[in-house]
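Asks: Turn this into a structure:
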Amino acid sequence: MWKLATPVLGYVLVVDALALIAVVATAALVPITAQSLLWCGLILAGEIVHLEAAQRIERIRELAADGRPHMHLQSIWIFAGLLLLPPPLATMVIVVSYAHSWVRVYKRRGVIHRKVFSGATVILACAAAGAVLSAGTGHVAPYVPYLDGFGGMTALLASGIVYFGLNYVLVIFAILMSNPGKPPRQAFGNPSDVLIVLAAVGVGCGIALVMTVRPWLLPVLMVTPVALHIGLLLPQFQAAARTDSKTALLAPEFWVQLARNELARAAELSSTAGVLMIDIDHFKAIDDGNGHLAGDEVLRAVAAAIQAAVRGGDYVGRFGGDEFVVLLPGTTSTEIASVADRIRTAIARIEVPVPVIRPGKPEVISGLTASIGAAVYPETATEYTILLQAADDAVFAAKAAGRDRVVLATTRTELARPEIPDVL
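Replies: From the prediction side, this is the model:
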């Protein structure tokens, strides 16, 4: 955070300070009762279940939205908390929501100040929306019992607009200040994303109402947030987030996009990132000797082994043929070597039943090996193409050295492609 430009750093600190002042100023406005504690517990439980069910979608969305506002469905639980809870408990919902997202979606990578800033903007938005609700109903939280008739509907709509509008403006201003060289239009994101927040506010109202009238129906209503995530958010990224049909890993085009975004983020945060290139040894002999169906089963088994061996926040893709790639955000040379060797060991343990057995051929394919090349940003290279090429050259170095090993590229010039023995 301290490496931000001075105007951006000043803006972030001012917003954080205003949010803290708002929390302190509203702490004693409404007494905390046993009922409000029960509601708070239910909202927190709902938020945790929701994000756990949708974390993979959310992880891809957050990375793909880099440089644009990220419209999320956490507002469902935050707005429900605004309508039902005293300000300190509503703040707790926001803090837990963003902390949970940082741990489970961001995987504790070095962007915590962004989460703190985003949480601060939401706290300020809730304070402003709460003021609108108090003015419209003449009461303090919980507001739901007083949202009746045309006046109640007007107050609710106005609070929703203030909640979204203030949060949106604060975030947009931060993006514009942080990216002076990018087109301003990009900072505003996709206009259709506004529907996501509006839907979240609407569902949050429904959850708040159900909790005051029939709280036992909350588990049934829980299906709605998860369905919104799958049915509304995921289609927006189907064109970009294509998966490889044979292995169910990320397709090359989208993996490349994620890799470029992650390297840009690593540069911005003075962080690191690693790339692994994995090549199955003698795969052509397996494919030719056992048939393409057996070769496809081997590819699927290797893909599953790689996916199981990497860390939770890593991105695994199929690069083409029998080559796989892994993007490891925030990794060091030691860590990437450890992950690579874990992958190599996992591949060696694979046993793949052959779907169509040929005469004289085994029923199970085993003894697989892989040559793995590793490269680390910025140690090996600072540009995506050179980094990937260094990892690819390291694969050739591993093959030339006897295969079934990991080679870590140190500098781009050290790994001119060696001759590989023409032996299967």
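Asks: For stretch 153-162, list the C-alpha coordinates in CSV.
Replies: Provided in CSV are the C-alpha atoms of stretch 153-162 (Å, rounded to 0.1, in the frame of the first residue of the first chain):
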residue,chain,number,x,y,z
MET,A,153,-41.1,1.5,-0.7
THR,A,154,-39.7,4.9,-1.6
ALA,A,155,-37.3,4.9,1.4
LEU,A,156,-36.1,1.4,0.5
LEU,A,157,-35.5,2.3,-3.1
ALA,A,158,-33.7,5.5,-2.2
SER,A,159,-31.5,3.7,0.3
GLY,A,160,-30.6,1.1,-2.3
ILE,A,161,-29.7,3.8,-4.8
VAL,A,162,-27.5,5.6,-2.2
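Asks: Skip ahead from the lowest-mean-pLDDT helix or strand in the chain and say which helix or strand is next.
Replies: Counting by mean pLDDT, DSSP states H and E, the weakest-scoring helix or strand in the chain turns out to be helix 184-187, with a mean of 67. Using DSSP states H and E, the helix or strand that follows helix 184-187 in sequence is helix 194-213.
Asks: How about residues contacting that following helix?
Replies: With contact meaning C-beta atoms under 8 Å, 6 or more residues apart in numbering, helix 194-213 is reached by 39, 42-43, 46, 71-80, 82-84, 142, 144-145, 156, 160, 163-164, 168, 217-218, 221, 224-225, 228, 232-233. Placement of C-beta: from N, CA and C, glycine included.
Asks: For that helix, list the C-alpha coordinates in CSV.
Replies: Presented in CSV, the C-alpha positions along helix 194-213 are these (Å, rounded to 0.1, in the frame of the first residue of the first chain):
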residue,chain,number,x,y,z
VAL,A,194,-25.2,-2.8,-12.3
LEU,A,195,-27.9,-5.5,-12.5
ILE,A,196,-25.8,-7.7,-10.2
VAL,A,197,-25.8,-5.2,-7.4
LEU,A,198,-29.5,-4.3,-7.9
ALA,A,199,-30.3,-8.0,-7.8
ALA,A,200,-28.2,-8.4,-4.6
VAL,A,201,-30.1,-5.5,-2.9
GLY,A,202,-33.4,-7.0,-3.9
VAL,A,203,-32.5,-10.4,-2.6
GLY,A,204,-31.1,-8.8,0.6
CYS,A,205,-34.5,-7.2,1.2
GLY,A,206,-36.2,-10.6,0.8
ILE,A,207,-33.8,-12.3,3.2
ALA,A,208,-34.4,-9.5,5.8
LEU,A,209,-38.1,-9.9,5.5
VAL,A,210,-38.1,-13.6,5.7
MET,A,211,-35.8,-13.5,8.8
THR,A,212,-38.3,-11.2,10.6
VAL,A,213,-41.4,-13.2,9.7
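Asks: which secondary structure elements does the following helix or strand past it contact?
Replies: Following helix 194-213 in sequence order, the next helix or strand is helix 218-221 (DSSP H and E). If contacts are counted by 3 or more C-beta pairs under 8 Å, 6 or more residues apart in numbering; DSSP states H and E, helix 218-221 sits against helix 194-213.
Asks: What are the buried residues along the helix it packs on?
Replies: The neighbour-count criterion (16 or more other C-beta atoms under 10 Å) identifies 196-197, 199-201, 203-205, 207-211 as the buried residues of helix 194-213.
Asks: Kindly provide the whole-number mean pLDDT of that helix.
Replies: Taken as a whole, helix 194-213 has a mean pLDDT of 84.
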